[in-house]
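>>> okay, predicted coordinates and the sequence, questions at the end:
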Amino acid sequence: MRRLGLEALLVLVVVAALVAGTAFGESHLGLAQYLQALSDPHSGAAEVLWAIRAPRAATAAVVGGCLGLAGALMQGVLRNPLADPGVLGVSACAGLGAAVSIVLGMALAPGAVEAAAFVGAAVGGGLLILFATRFPEPEALVLFGVALCSFAGAVTALVFNLSPSPIATAEVLNWLLGSVENRSWSDVLVTGVPLLIAAGLSLTTGRALKALTLGDETASTLGLDMRRWKIVAILAASLATGAAVATAGVVGFVGLAAPHLVRGFVREDPARLLIPSALAGAAMLAVADLATRMTPTDQELKLGVFTALVGAPLFALLAWRSARSWRR
């Protein structure tokens, strides 16, 4: 009942964030315009609310849900509270795919950059799964993920270096900074379907994630094929991360922070952490996107920049608390 109450509360928070993201923005609307948007779907106010703000807010929520779910899965599989979707290099591989497609001039084709990012995430996730089948130990998986992330980042830097024009370089940088600006309802659908599939896969791993808290050897004595369930969890996390990066670019720290916001309410149970983390991530990114729009700057802040500014101090705090616990 406690978990259901938490999930119901988080759903209300997400709905409130979506309403706020639709109602408020850089352009001020009066009461008469809000009423006109509700009564006349073809009015200018309705266009602003339902064709611009609402899909953008919904896209931010779905992307945040993907990252929150992936973060909870990674922290459960690796048994590390400092893990997030970027640790294993899937985000970096997705960013590399998008960067290569932009430099090759594929950005002119609708959906080409997003598809390339998803392919990059699939390649990164596939490499992780191949590695996990041979070396399932979490320490080895983390080291391989860090190496994969570093390699993908280095190749992305090489793409910058060899970019044929400053315009292409600027486009790559703009995409990698992360944003849900100018997103439509089709983006919500394209991201939402992988999120639902990833959520379904993740729920099947709940028992295994809970068993992992006892250690690999103890979990194996319970009759669970831990290698198989780790692969399923990595697949779900890679799918969710790929969908998020393909839609919004690289947005950091949501996958790290979201599970920590709700972990205390589920008694450190990684199985019960999955859905609340997805909902917390959705609320976080919807609020963060609204904050980027409302911040009084000459140029709108990029979503990835904003989350990094807020998330980096949180990461430092978590590292400090973990270091204190290790000394005990």
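Received, thanks. Worth saying up front: this structure is predicted, and the values here are computed from it rather than measured. Numbers count the residues shown, from 1 in each chain.
>>> spell out the residue ranges of the strands in the protein.
In the chain, no strands are defined using DSSP state E.
>>> low pLDDT regions in it?
Residues of the chain that meet the criterion pLDDT under 70 lie in 1-3, 214-224, 315, 318-319, 321-328.
>>> and the residue nearest the centre of it, how far from residue 206?
Most central in the chain under CA atoms, centre = their mean is residue 67, positioned 2.3 Å from the mean C-alpha point. According to CB to CB, to the nearest Å, residue 67 and residue 206 sit 19 Å apart. (Glycine included, C-beta is placed from N, CA and C.)
>>> correct me, but residue 155 touches residue 96?
Yes - Residue 155 is within contact range of residue 96, at 5.6 Å (criterion: CB atoms under 8 Å).
>>> higher neighbour count, the two?
It is residue 96, of residue 155 and residue 96, that has more neighbours when counted by other CB atoms under 10 Å, with 27 against 16.
>>> residue contacts, the closest residue to residue 138 other than its chain neighbours?
Using CB to CB, 6 or more residues apart in numbering and skipping residues adjacent in sequence, the residue nearest residue 138 is residue 78, 4.5 Å away. The contact partners of residue 78, by CB atoms under 8 Å, 6 or more residues apart in numbering, come to 87, 138, 141, 142.
>>> residues near the first one, how many?
Read that as residue 87. Residue 87: 22 neighbours (other CB under 10 Å).
>>> and it, what does it touch?
74, 78, 142, 145, 146, 149.
>>> can you give me the distance of it to residue 301?
Shown here: residue 87 relative to residue 301, a distance of 25 Å by CB to CB.
>>> what's the answer for the third one, then?
Counting by CB to CB, the gap between residue 141 and residue 301 amounts to 34 Å.
>>> again with the last one
The gap separating residue 142 from residue 301 is 31 Å, by CB to CB.
>>> run a quick neighbour tally on the closest residue to residue 197 other than its chain neighbours.
Spatial nearest neighbour of residue 197, chain neighbours left out: residue 239 (6.3 Å); criterion: CB to CB, 6+ apart. The tally of other residues near residue 239 (other CB under 10 Å) stands at 25.
>>> residue 239 contacts residue 199, doesn't it?
No - Residue 239 is beyond contact range of residue 199, at 9.8 Å (criterion: CB under 8 Å).
>>> name the residues contacting each of those two.
With CB under 8 Å, 6+ apart, residue 239 and residue 199 have no common neighbours.
>>> picking up where we left off before, out of residue 141 and residue 301, which sits in the busier spot?
residue 141 (22 against 17).
>>> quick check: closest non-adjacent residue to the more buried one.
Nearest in space to residue 141, with sequence neighbours left out and distances taken as CB to CB, 6+ apart, is residue 132 at 6.0 Å.
>>> next up, the contacts around the one you found.
Counting by CB under 8 Å, 6+ apart, residue 132 touches 141, 227, 230, 231, 234.
>>> those residues in helices, which ones?
When DSSP state H defines the helices, the subset of the contacts of residue 132 inside them is 141, 227, 230, 231, 234.
>>> from those, which is closest to residue 17?
Among the ones in helices among the contacts of residue 132, residue 234 lies closest to residue 17 (CB to CB), at 29.3 Å.
>>> next, count neighbours for residue 62.
Residue 62: 31 neighbours (other CB under 10 Å).
>>> so it makes contact with residue 195?
Yes - Residue 62 is within contact range of residue 195, at 5.9 Å (criterion: CB under 8 Å).
>>> quick one, helices of the stretch 51-200 of the chain?
Taking DSSP state H, counting those that start in this stretch, the helices of the stretch 51-200 of the chain run over residues 54-78, 90-103, 112-134, 138-161, 166-176, 185-204.
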